[in-house]
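*Asks:* predicted model and sequence below, questions to follow.
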Amino acid sequence: MADNIEVLASAPLLLRERRKSISLMLVRFIGVVLLAVATFYLFVGNFSSWTGSVKNEVCDLSVGKWIPKPEGPLYTNETCDYMASYTNCLKNGRPDSGFLHWKWQPNGCDLPPFDPLKFLNAMRNKSFALIGDSVFRNHARSLLCLLSVVAKPDEIYHDRTNSGIFYYSEYNFTIYDIWSPFLVSYKLEKNLPDLELYLDVLDSQWTKNYDKYDYMLMSGSHWFYRRAIIYENNKVIGCHYCPDLELNNIATDVPYRKALELTFKFITTSEHKPFVVLRTWSPNHFEDGEFSGSRICNKTEPFKEGEINGDPADLLMRSLEVEEFEKAAAIGEKNGLRIELLDTYHLSLLRPDGHPGAYRNYHPFDGGKKNVENDCIHWCVPGPIDTWSELLMKIVIP
Ligand SMILES: *[C@@H]1O[C@H](CO)[C@@H](O)[C@H](O)[C@H]1NC(C)=O
Ligand SMILES: *[C@@H]1O[C@H](CO)[C@@H](O)[C@H](O)[C@H]1NC(C)=O
Ligand SMILES: *[C@@H]1O[C@H](CO)[C@@H](O)[C@H](O)[C@H]1NC(C)=O
Ligand SMILES: *[C@@H]1O[C@H](CO)[C@@H](O)[C@H](O)[C@H]1NC(C)=O
């Protein structure tokens, strides 16, 4: 069932890819029609061969399978230390290493391994903003680790949200790592009973330097699942997940859709035109453990297609992302603005083995400890999250 939803949800993407090669297809189409008319009466119904060949030419990076890969990752915990301690699974004593030996093989296209030198050369004199939450930072740190094989940056700015600016002097390349879990403005303070979300105000954390970005990668996040009081025009319009308050209940997808709409409105109406990439939802893989109430993830291999359907709430978030992206990309196309989708949702869904699980903490089972806390949201670095940068590279560097 959910697999069908998944396929349907990726249909607009396929359409978009097709639009790009529309003239080529038109020529081919006329030829095929002539041929088909001539052979129709001889081979009634035998159309699968040519529809099949059209499909094969559509490169959709988000559809494919994980295949074994003998080589390990480009970097290890010994060669890179940009990862947060709770994602440094090797250092934390994770015993299995099979999760490091899988390669994403998209259908109908080739996905080369990440090439740090090619990436850095393409980014000469450029700046790249990475905007989001802790899963996002997780990806940013994986990217820094991949690049560290060739060059290590200076961190030229750091603030209390752990946002940072990294500068590669040999390449005159700047990475902005920006903490902005909602893209819109929010208040989360000790003296406030609840998180407050302002749907009509963008988060200045990412907009203040917008004119400096040549590329930007952004995403929404699990923070939208949290209880929050929602504001518009400085007035409370309702609340998400507050049965105890007498407020209009607002469903999870509403604030996220509005945040994306406002973000894309800003992007498509600005004079400045960076190359914009929206990353889709990152799935978690919590399952019930052997202790009551314990939520774990201890799988050591990827799922095969059809073995997991995904959380309907996550699927809803991803499908609204695809919808908002489609709308913005169509406007962008008219204004000379590149907007692309980094659709990592499904390939990540197939990787329950990619999370720190218990190994979010250093040697969690030492001293015979049981029922330890698991992290099934973030991703081990190195790990399948490195693949996100391979897809990113394919999208931004032709
Ligand atoms: C890296 O991980 C290995 C285990 O895979 C561990 O023995 C080693 O101490 C770690 N090194 C660092 C620098 O964290
Ligand atoms: C670095 O890149 C910026 C932006 O393209 C450019 O203005 C500047 O001259 C470059 N600096 C060096 C030292 O190449
Ligand atoms: C980078 O900027 C410098 C200084 O403006 C310029 O000399 C150089 O050609 C630029 N390199 C690229 C690849 O644009
Ligand atoms: C995962 O955890 C479950 C429940 O604690 C346990 O039965 C199973 O053996 C574990 N699997 C692995 C691969 O450790």
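*Replies:* Sure, I can see it. Numbers count the residues shown, from 1 in each chain. Ligands and ions are numbered 1, 2, ... in the order given.

*Asks:* neighbours around residue 336, how many?
*Replies:* Residues within reach of residue 336, counting by other CB atoms under 10 Å, total 7. For the C-beta atoms, the positions are set from N, CA and C on the backbone; glycine is no exception.

*Asks:* now swap in residue 87 and tell me
*Replies:* 26.

*Asks:* that one and ligand 1: what is the separation?
*Replies:* 12 Å (CB to the nearest ligand atom, to the nearest Å).

*Asks:* hang on, that residue packs against residue 377?
*Replies:* No. Using CB atoms under 8 Å, residue 87 is not in contact with residue 377, being 10.5 Å away.

*Asks:* can you show me the strands along the stretch 101-250 of the chain?
*Replies:* Taking DSSP state E, counting those that start in this stretch as the criterion, the stretch 101-250 of the chain carries its strands at 102-106, 127-132, 154-158, 164-168, 173-179, 184-187, 196-202, 215-218, 228-232, 235-240.

*Asks:* now these as CSV including mean neighbour count and distance to residue 94?
*Replies:* Shown next, in CSV, are those (neighbours: other CB atoms under 10 Å; distance: least, CB to CB, whole Å):
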stretch, mean neighbour count, distance to residue 94
strand 102-106, 19, 15
strand 127-132, 24, 25
strand 154-158, 12, 27
strand 164-168, 19, 26
strand 173-179, 23, 25
strand 184-187, 18, 34
strand 196-202, 20, 36
strand 215-218, 22, 27
strand 228-232, 20, 34
strand 235-240, 16, 35
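
*Asks:* need those strands in JSON lines (columns: mean pLDDT and distance to ligand 1).
*Replies:* Below are the strands of the stretch 101-250 of the chain laid out as JSON lines (pLDDT from 0 to 100; distance: least, CB to the nearest ligand atom, whole Å):
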{"stretch": "strand 102-106", "mean pLDDT": "97", "distance to ligand 1": "18"}
{"stretch": "strand 127-132", "mean pLDDT": "98", "distance to ligand 1": "24"}
{"stretch": "strand 154-158", "mean pLDDT": "97", "distance to ligand 1": "19"}
{"stretch": "strand 164-168", "mean pLDDT": "97", "distance to ligand 1": "21"}
{"stretch": "strand 173-179", "mean pLDDT": "98", "distance to ligand 1": "22"}
{"stretch": "strand 184-187", "mean pLDDT": "97", "distance to ligand 1": "35"}
{"stretch": "strand 196-202", "mean pLDDT": "97", "distance to ligand 1": "38"}
{"stretch": "strand 215-218", "mean pLDDT": "98", "distance to ligand 1": "28"}
{"stretch": "strand 228-232", "mean pLDDT": "97", "distance to ligand 1": "37"}
{"stretch": "strand 235-240", "mean pLDDT": "96", "distance to ligand 1": "40"}
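
*Asks:* out of the ones you listed, which gets nearest to ligand 4?
*Replies:* Nearest to ligand 4, of all those, is strand 102-106, at 16.5 Å by CB to the nearest ligand atom.

*Asks:* the closest one pairs with which strands?
*Replies:* Sheet pairing for strand 102-106, assigned by DSSP bridges, gives strand 64-68 (antiparallel).

*Asks:* list the contacts of the strand it pairs with.
*Replies:* Applying CB atoms under 8 Å, 6 or more residues apart in numbering, the contact partners of strand 64-68 are 101-107, 302, 304-305, 347, 350-351.

*Asks:* sounds good, over and out.
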